[in-house]
Every structure is written in structure tokens, then in C-alpha cells.
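Asker: predicted model and sequence below, questions to follow.
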Amino acid sequence: MVGTVAPEPSKQENFVLRNPNKLILDNIPLLSHHSVNTERVATQNRGMKHTVGGWPREYDPEEPLEVAKYQKKLLRDPLLSYAHATRDLVQNAEKSIKQNNEIDLFEEYFAGEQPEHMSESISTKTVMIFKDPNNIKRAATKIVWHPDAATEMRVGVSYAQLRFQQMPPNMPKKSYIWNLNNPNFPEKTLEGQSPLCTMAFNHKNFDIVVAGQYNGALSFYDLRKGHSSGVVKPIDTTVLEKSHHDPVYGTSWFTPSKQGNECVSTSTDGRLIWWDMRKPGEPVEVLMLTDSAQTKDGPAPKVLGGTCLDYNADAAPMKYMVGTEQGYIIQAQRRKQAEVSSRFGMDGGRHHGPVYSMQRNPAHLKYFLTIGDWSAKIWSEEIKSPIMQTRYHNSYLTDGCWSPTRPGIFYLTRMDGFLDVWDIFYRQNEIAYSQKISDAVLTSISVNGSMAAIGDSDGTVSMMSLCRALYDQTLQPKEKEVMQQIFEREFRREKNLDVAKKAAERAGPPKKKDDKAKDKIAERLESKLKEIEAKFFEQFPVEEDEAQPKADA
């Protein structure tokens, strides 16, 4: 019983009988649960002036006489003398030295031996997040690190909405250069005529940036000529009539150029165009990406739309790799004139959708990685089919790249917000590490040493700190040689299968025996039987009286 109330006779007249009467009483206090997401705290980096301190009040450090007087006092004081301080330190260190003589804590039991593979657990950690300052959500389409990443901790991010016919009328056109030392606000703002889909830093002049726009034009920016507010306008833009007809999905600077003024771009309009930033009004050269060579009597070749571009001057300064919408890979070559030199995946092994990303292996430039549909594939320049392929993932893949320091690791981003890490040096049949990065679709990734920048469709770029097992090449000292053996083994296996397939095609299907051949065989069998029967009756002759009834019959 919680409590009692004594009856009052005067209240009986107001009593009304109810049948039934329901009354619910509760002495539990009512609580409400409310979650609040606090606003972001903006921090700033400020310098601090350090002056001499720690002096007693009666001494002025600015007066040389008082400073000399205090120093003489320290030399005369026995409690502050050098000998007294040394004696106190020796008493504490003597105990530790005796313990170390009993048990050597620093003894190396396996000196000179190096493990083949360190089975260290893989982990990542989010250290900072760059959020798009605009209210309209845009995808982070491309992430590029500053070429001098050792001293310049800067990263460029282009923002655009690439979904077909889903761009709102007031879509912002700004992209940003972020500084890892000040992640709250962008350091530079790049603004063009149209949203930027991709960008690239110049390899010789790091302050020059080329950006491919949504309307198909290319813009050139000089980060030194920006406004005091940080907004940088393009110094030059290509003529729209001579530019691409679709959004520019890939661009790169042309390394053999002496002044570093030439660049190349590709788009889904099926063209690979070379530009000179000093003459933006006219392209230097244009190459159509087709599925076959042009012949006089044959049908016209189909145009393949370019979705990504990879250029590595260390591998071949005149070769370009282009991924297409149809899942094929085109290799272009530009010496005297630009031409398509190779096509990969035409006979089998192509992706079932657009190739979203492609990159050469940093240690073995002959092999390159492509990402499309639900799998990633590794190719060799010497064969037109993939030599290695991952299993199909649970979600569609959107981007990927090799580790710049470890040749056996590559990273993949998925539409369900997960980051997958494959370590084919350790195992080739399963994912080494997987982590949920965002609830939105991951759209881009770029790795630089121990840092990985991952962008999503909401415009958020997550800066991930990688563990030593993912970037420290000293943990696997023989990884480069082992990966070379793995790639060559898979290449030889695929080459043998290709040779066997071509031999089977040249032999053709087994020929079917026609009816005439069957009749000849039947005639030969019948004549053989007659010969056997004749020889039998010669050995066993039949009398005339026995043979007559048979003949009559």
C-alpha cells in the first residue's frame, strides 16, 4: 500500500457510481530521451611568444647584475650543486642497472633474421573530416594530393553532381583546396563556369591546377593569383565549341613537355584531347576512341566513351590508358600522331559496366588495376585478358587505387559506404580488411603514404590514418620480388590458356559424317559379311537334297 485517504461524509452527496470505472495510477516519473548534435567548434592556429621565466620575484632577469648575483648564489648553494644532483641521480639509476644485469631486457634473440610477413592486425582511424560548406549536397568526384606531400599537407577536392539529369538549377560551382593543418575552412576556393568533375596539380609548377568541368571545358588555375578571400578564378579556359561535348572525367599533365604546359583529357563523348594551356583556343590533337580500326570495306567502328584516364611517365611517356563506358580498356600512343595501339577485353574479360578507375602498379608498371561493376581486375600490357580478378562484392564498386608504398595492396570503395582493402601479397581469395566509412555512397579515394582521403556522395571527405601494416614497406622486405613472381605466374597461366583457346579455334569444330560416308561404311560391312559367309560354306559344304528345300522355300 502506497498511501491511504480517510473518507469524508460531506463528499458523499457528490458521489456518482460508475460501472465499470477504470483508473490508472502510476508513481514512476516520466522521462524523455533527447539527442543533440552540438555545433562544430572552429579552431585556429596562433603563435605564442615565449620569454624567459622561472626567476624568483626578487630578481629581475633584465638586469645583468642581478642575473650574475643569482648565478653566484646557485654555485655556492650545496643543495643545488652539480655534485649533489649527480649523487641523487646515481642512487636511483644504480638499482635499475643491477636489475638489468640480472635480466637483459634488450637482448635480441633473433638478430639478423627478418620475417617474411608480419601478421599485424589491420586498422584505420578517422583523424579529420572535410565537409562541403554548401547546403546543396554534391559528390566528391576527385581527390588529388599536392605533389610535394612531404612538406605541403594539402589536398584538392572537386565537387559535382554526376547523376544523369539530377543537377538542380542553383548547383554551386565551387571546389576547394584543403589544408590538413586547418581542416575547419578551405584554404583555396576554385570557381569556374561549371562544376568541376576532376582536377590535377601541375608536375613542374605546383601552383598551377587544371580542372575538367561539367560542360566539357578545361580551366587552368594559378593558386598564387587568388582573391584575398581565397577565391581563385581561372586564368584561362578552353573554348567550349572546341572542347568535349560531355563532362570531363579524366585529365592529366603531359610529362615530356619541357615547360609543363601540355595536358590531356578524356570524356564520354569518345575523344582523347591534348591541350596547351598557352593556347586554350585550339586543341593540339584529337583522338577518337573506337572499338576497332577503320577499314575500307568494313562497317564503321563504334565510339567508346572515356570514363577514366591513367598516365604514368615512368612506364611509358607516350602511352595513355583510358577506361570506357562499355567496360573495355583502350591504350593510346602518341608519337608522330595519336593512335589506338591496343584494346583490352575485346575477346573476353571486360567489365559489365563502366570502368570507374584505373591505375598502374607503382612497383611493376607493366601491370595495371581496373575497377568496374562488382569486381576489380589486374591486367598486363602483353595480354588482352585479365590475369587476376577479385570475387564479386556485395555492392557495386565506385573507385579504387594501389598503395603507393606496398605493391601488393589496393583499396576499393563501394556504394554501401564500405572501404575494402585487398592484400594479394598475403592472400588472393578474400578481403584483408573492410570498414564502414559513411552511410552515403563512397565516390572517390586517394592514398598518400599513411593517409587515405575518401569522399562520398554528400561531399564529405574523411581523412583516414592507416596502420603500419598498410604502408610500411620495411615490414615485408621481399614484397616487391614476391609480387613480381605472382604477376608473372598468373601471366603465364593466362597466356597458356589464350594459346590453347586460339589453337582450338584454328582447328575448328569436329566435322560431321554425311550420309554418303555412312552408306559406304554400310556397303563395306555388307561385302565383308558376304566374304565371311562364302568362306564358311566352302569349309562346310551343303548337300543338294538339303539345300533344295531351302531354295524352294
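Answerer: Cool, the structure landed. Numbering: from 1, shown residues only.
Asker: quickly note the distance from residue 313 to residue 271.
Answerer: In this view, residue 313 and residue 271 are 22 Å apart by Cβ to Cβ, to the nearest Å. Glycine gets a C-beta too; all of them are placed from N, C-alpha and C.
Asker: which one's more surrounded, these two?
Answerer: residue 271 (21 against 14; other Cβ atoms under 10 Å).
Asker: what's opposite the more buried one in the beta bridge?
Answerer: Beta bridges link residue 271 to residue 288, judged by DSSP bridges.
Asker: give the contact list for it.
Answerer: When contacts are counted by Cβ atoms under 8 Å, 6 or more residues apart in numbering, residue 271 touches 244, 286, 287, 288, 289, 306.
Asker: can you tell me how far it is from residue 285?
Answerer: Residue 271 sits 10 Å away from residue 285, going by Cβ to Cβ.
Asker: please enumerate the shared neighbours of these two.
Answerer: Between them, residue 271 and residue 285 share no contacting residue, judged by Cβ under 8 Å, 6+ apart.
Asker: any low-confidence regions in the stretch 301-450 of the chain?
Answerer: By pLDDT under 70, the stretch 301-450 of the chain has no low-scoring segment.
Asker: which residues of it fall in strands?
Answerer: Taking DSSP state E, counting those that start in this stretch, the strands of the stretch 301-450 of the chain run over residues 306-310, 319-324, 329-334, 338-344, 355-360, 367-372, 375-380, 388-389, 397-402, 409-414, 418-423, 433-436, 442-448.
Asker: just the CA atoms of the fourth one, as CSV, please.
Answerer: Provided in CSV are the C-alpha atoms of strand 338-344 (Å, rounded to 0.1, in the frame of the first residue of the first chain):
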residue,chain,number,x,y,z
ALA,A,338,48.0,9.8,-81.8
GLU,A,339,46.5,6.4,-82.4
VAL,A,340,44.9,3.5,-80.6
SER,A,341,47.6,0.8,-80.1
SER,A,342,45.8,-1.8,-78.0
ARG,A,343,42.3,-2.8,-76.8
PHE,A,344,41.8,-4.9,-73.8
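Asker: who does that strand pair up with?
Answerer: strand 329-334 (antiparallel).
Asker: so residue 59 touches residue 70, yeah?
Answerer: Yes - look at residue 59 against residue 70 with Cβ atoms under 8 Å: they come within range, at 5.0 Å.
Asker: enumerate every residue touching the residue nearest the centre of the chain.
Answerer: Among the residues of the chain, the one closest to the centroid is residue 400, at 2.1 Å (Cα atoms, centre = their mean). With contact taken as Cβ under 8 Å, 6+ apart, residue 400 is in contact with 356, 357, 359, 369, 371, 376, 410, 411, 412, 413, 445.
Asker: any idea how far residue 507 is from the second one?
Answerer: Which is residue 357. Residue 357 is 39 Å from residue 507, by Cβ to Cβ.
Asker: which of those two has more neighbours?
Answerer: residue 357 (23 against 8).
Asker: surely the more buried one touches residue 308?
Answerer: Yes - using Cβ under 8 Å, residue 357 is in contact with residue 308, at 5.5 Å.
Asker: now for the two: what residues contact both?
Answerer: residue 323.
Asker: pretty sure residue 86 is in a helix, no?
Answerer: Yes - counting by DSSP: H, G, I helix; E, B strand; the rest coil, one finds residue 86 located in a helix.
Asker: that one: what's it in contact with?
Answerer: So residue 86 contacts nothing (Cβ under 8 Å, 6+ apart).
Asker: so for stretch 145-159, what gets flagged as buried?
Answerer: Of the residues in stretch 145-159, 145, 146, 153, 154, 155, 156, 157, 158, 159 count as buried by neighbour count, 16 or more other Cβ atoms under 10 Å.
Asker: adding pLDDT, write those residues out as a markdown table.
Answerer: Formatted as a markdown table, those follow (pLDDT from 0 to 100):
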| residue | pLDDT |
| --- | --- |
| 145 | 88 |
| 146 | 86 |
| 153 | 82 |
| 154 | 86 |
| 155 | 89 |
| 156 | 89 |
| 157 | 89 |
| 158 | 89 |
| 159 | 89 |
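Asker: looking at those residues, which one is closest to residue 27?
Answerer: If you rank those by distance to residue 27 using Cβ to Cβ, residue 159 comes first, at 56.4 Å.
Asker: check which helix or strand residue 495 maps to.
Answerer: Residue 495 belongs to helix 479-507 when assigned by DSSP states H and E.
Asker: what helices or strands is the helix or strand that that helix is followed by leaning on?
Answerer: For helix 479-507, the following helix or strand on the C-terminal side (DSSP H and E) is helix 515-539. For helix 515-539, not one helix or strand is in contact under the criterion 3 or more Cβ pairs under 8 Å, 6 or more residues apart in numbering; DSSP states H and E.
Asker: list the buried residues for helix 515-539?
Answerer: Neighbour counts over helix 515-539 (16+ other Cβ under 10 Å) mark no residue as buried.
Asker: tell me the gap between that helix and the middle of its chain.
Answerer: Relative to the centre of its chain, helix 515-539 is centred 74 Å away, using Cα atoms, centre = their mean, to the nearest Å.
Asker: could you do stretch 249-265 as well?
Answerer: The answer for stretch 249-265 is 22 Å, by Cα atoms, centre = their mean.
Asker: and that stretch, end to end?
Answerer: 8 Å (Cα to Cα, to the nearest Å).
Asker: can you check stretch 16-26 too?
Answerer: By Cα to Cα, the extent of stretch 16-26 from end to end equals 24 Å.
Asker: what is the distance between that stretch and the centre of its chain?
Answerer: 68 Å.
Asker: among the buried residues of stretch 145-159, which ones are in strands?
Answerer: 145, 154, 155, 156, 157, 158, 159 (DSSP state E).
Asker: save those residues as a markdown table, and put in distance to residue 382 too.
Answerer: Formatted as a markdown table, those follow (distance: Cβ to Cβ, whole Å):
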| residue | distance to residue 382 |
| --- | --- |
| 145 | 31 |
| 154 | 38 |
| 155 | 35 |
| 156 | 35 |
| 157 | 36 |
| 158 | 34 |
| 159 | 39 |
